[in-house]
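Colleague: Quick one: sequence plus predicted model below, questions after.
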Amino acid sequence: MLIMASFQLTPGVFALFYHYALGQFSKAKASYLSLFFILGAEIITTCLYLSIYYLTCIFFFNNLHPETSILFWTIAGILIALGIISLFFYYRRGAGTQLFIPRKYADALDQSAKSVKTRSDAFMLGALSGTCELAFTLPLYVVTCVEIMRMGAEGFASNFLTVLYILTPVIPLFFIRWKYQSGLNLADIQKSRVHDKGFTRFILAFCYIIVAVLIICFRTIYQ
Amino acid sequence: MRDFDENEIIHNLKIDAHAVGIPEGAAETFIERTIKDAKKSLKNRSIITESDLHRAILKELKKYHADLAYVYENRDKII
């Protein structure tokens, strides 16, 4: 959950989108549109999570036991790789918070954020920015779904964790929205993002590697 | 090689200025002055690159509003 809350692409696009919305519309309209961005990001997270959950169900119901199979060793490897990538390549070199995505896509997201006029534009931008982070989130979805399946899908704890997991990625968006509504602007938000850049990178790398180590340890004991 | 669209630069600066909370009248005044002074500082050059223009506008913006200058400076460094 900490990893999900540390990703910077959706919050970055959201900060830009809110900035442009404030520049073109009234504060009330910008705030209203921002809710649809958040809704888009939330819906895509839920859809992705449920898709992976469904696939995991197929694995379980066919007695393939993904938690002990080669799949999980592969995912542990991918998580270690993502930990290293987060540490060195999540942010590009230089000042600012330029992310790993190709510059062409970053420009396209910037242009899309600038041209948002309606609720559906905001919704689609939220959904799109959530999807662009899939390279980093997909292995986490798989790990979470498998662990929740093992806990028992009907239990209170597993359902509570599922809801919490789905809601976590949008918490930073509400936080940015609150910052804008309390009078801060993009310069203030970007300064704090630049300030926290090293910490974010460290947290991402640390959590990925911890999750990978835990997977390896539990699988070794389990087998 | 291409011509710079002055109106587009002014339009984008106005959006940024409004977003950082600068009143419309004040924003128009110093955006106008910024563009005028930036043009003046670049008039002796035969070729102007995009970063020359960016640097000249940034230098002028810093005189008027620190937050707007910061946003302009970091406009392509956020995502």
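Modeller: Yes, it's here.

Colleague: and the residue in chain B that chain A sits nearest to, how many neighbours?
Modeller: Proximity of chain B to chain A (CB to the nearest CB) peaks at residue B:77, 2.5 Å away. Bear in mind the C-beta positions are built from the backbone N, C-alpha and C, glycine included. By the measure other CB atoms under 10 Å in any protein chain shown, the count of residues near residue B:77 is 17.

Colleague: looking at it, it is touching residue A:103, isn't it?
Modeller: No - counting by CB atoms under 8 Å, residue B:77 stays clear of residue A:103, with 11.0 Å between them.

Colleague: For the chain, give me the ranges with low pLDDT.
Modeller: Here I'm looking at chain A. For chain A, the stretches with pLDDT under 70 are A:63-68, A:153, A:222-223.

Colleague: wrong chain, I was asking about chain B
Modeller: For chain B, applying pLDDT under 70 flags the ranges B:1-3.

Colleague: Write out the residues of it neighbouring chain A.
Modeller: Taking CB under 8 Å from any CB of the partner chain as the contact definition, chain B meets chain A at B:14-21, B:66-68, B:70-71, B:74, B:76-79.

Colleague: Quick one, which of those residues are buried?
Modeller: For the residues of chain B next to chain A, a burial check counting by 16 or more other CB atoms under 10 Å in any protein chain shown picks out B:14-20, B:67-68, B:70-71, B:74, B:77-79.

Colleague: ok, the longest helix anywhere in chain A near chain B or not?
Modeller: Looking across chain A with DSSP state H, the single longest helix is helix A:27-61. No - counting by CB under 8 Å from any CB, chain B is not contacted by helix A:27-61; separation bottoms out at 8.7 Å.

Colleague: okay, the angle between the following helix or strand past that helix and helix A:27-61?
Modeller: As assigned by DSSP states H and E, the chain's next helix or strand after helix A:27-61 is helix A:70-89. Here the directions of helix A:70-89 and helix A:27-61 differ by 150 degrees (axes from the mean of the first three to the mean of the last three CA atoms, to 10 degrees).

Colleague: so where do the helices sit in chain B?
Modeller: Counting by DSSP H, the helices of chain B are B:6-19, B:24-42, B:50-64, B:66-73.

Colleague: Pick out the residue nearest the middle of the chain.
Modeller: With no chain named, the answer covers chain A. For chain A, the residue nearest the mean C-alpha position is residue A:4 (4.5 Å; CA atoms, centre = their mean).

Colleague: To clarify, I was referring to chain B.
Modeller: In chain B, the residue lying closest to the centroid (CA atoms, centre = their mean) is residue B:57, at 4.1 Å.
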